[in-house]
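In: Quick one: sequence and predicted model below, then my questions.
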Amino acid sequence: FLRQSEIKHGRVAMAAFVGWWAVGAGLRLPGDLMEGISFASVPSRGLEAWDAVPGFAKVQMLLFAGLIEFHDELFYSRRGDGLHYLRGGVPGKNMCPGVFDPLGISEGRSEEAKARGRSVEIKNGRLAMIGIASLWMAAVIPGSIPSILDP
């Protein structure tokens, strides 16, 4: 259970870190976030960008993440090798179709290569958790992280 939780939190932290970096670097999607709010109008600082997102859009993101979680647990019980991660299955294995590796790139990999990939993912997730926590603290408490300069 703890390894599964670590992997999921690491994946979220990796996405959050890349998202924070992309917004800070000025990357924007074309079009509108919602009617009347363009992606270009979103501020380029992390928490300011999150605050600019309307509450309805935040709820939509959380519902989508919850739907993926629900389907992942549902597919664990009905598909695959039948081993849930709490019953000896592989932690971090995505059972929700199309969420991870939709092109089937990892299908031909050996079990050793897959095990190494899982180990690398855990390590990168740990680093991303430290990274996003550092960005968050630097945004909330200016000067708290010496290596992150205040704009």
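Out: Cool, got the structure. Residues are numbered from 1 along each chain as shown.

In: now Gly66: how far from Val59?
Out: Per CB to CB, to the nearest Å, Gly66 is found 10 Å from Val59. For glycine as for every other residue, the C-beta is placed from the backbone atoms N, C-alpha and C.

In: Ala49 too?
Out: For Ala49 relative to Val59 (CB to CB), the value is 17 Å.

In: Who has more neighbours out of the two?
Out: Per other CB atoms under 10 Å, whichever of Ala49 and Val59 has more neighbours is Ala49, with 16 against 10.

In: mind listing the helices for the protein?
Out: Along the chain, counting by DSSP state H, helices occupy 2-24, 46-52, 55-78, 111-140.

In: I'd like to know which elements the longest one is packed against.
Out: Helices and strands touching helix 111-140, as assessed by 3 or more CB pairs under 8 Å, 6 or more residues apart in numbering; DSSP states H and E, comprise helix 2-24, helix 46-52.

In: By mean pLDDT, show me the worst of the ones you listed.
Out: Mean pLDDT is lowest for helix 46-52 out of the helices and strands packed on helix 111-140, coming in at a mean of 83.

In: Measure how far that helix is from the centre of its chain, please.
Out: Relative to its chain's centre, helix 46-52 lies at 17 Å (CA atoms, centre = their mean, to the nearest Å).

In: so what does it touch, helix or strand wise?
Out: Secondary-structure packing of helix 46-52 (3+ CB pairs under 8 Å, 6+ apart): helix 2-24, helix 111-140.

In: Output it as PDB - backbone C-alpha positions only.
Out: The C-alpha trace of helix 46-52 is given here as PDB (Å, rounded to 0.1, in the frame of the first residue of the first chain):
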ATOM      1  CA  GLY A  46       2.900  29.200  -9.900                       C
ATOM      2  CA  LEU A  47       0.300  30.000  -7.200                       C
ATOM      3  CA  GLU A  48      -0.900  33.000  -9.100                       C
ATOM      4  CA  ALA A  49      -1.600  30.800 -12.100                       C
ATOM      5  CA  TRP A  50      -3.600  28.400  -9.900                       C
ATOM      6  CA  ASP A  51      -5.600  31.200  -8.300                       C
ATOM      7  CA  ALA A  52      -6.500  32.500 -11.800                       C
END
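
In: Perfect, that will be all.
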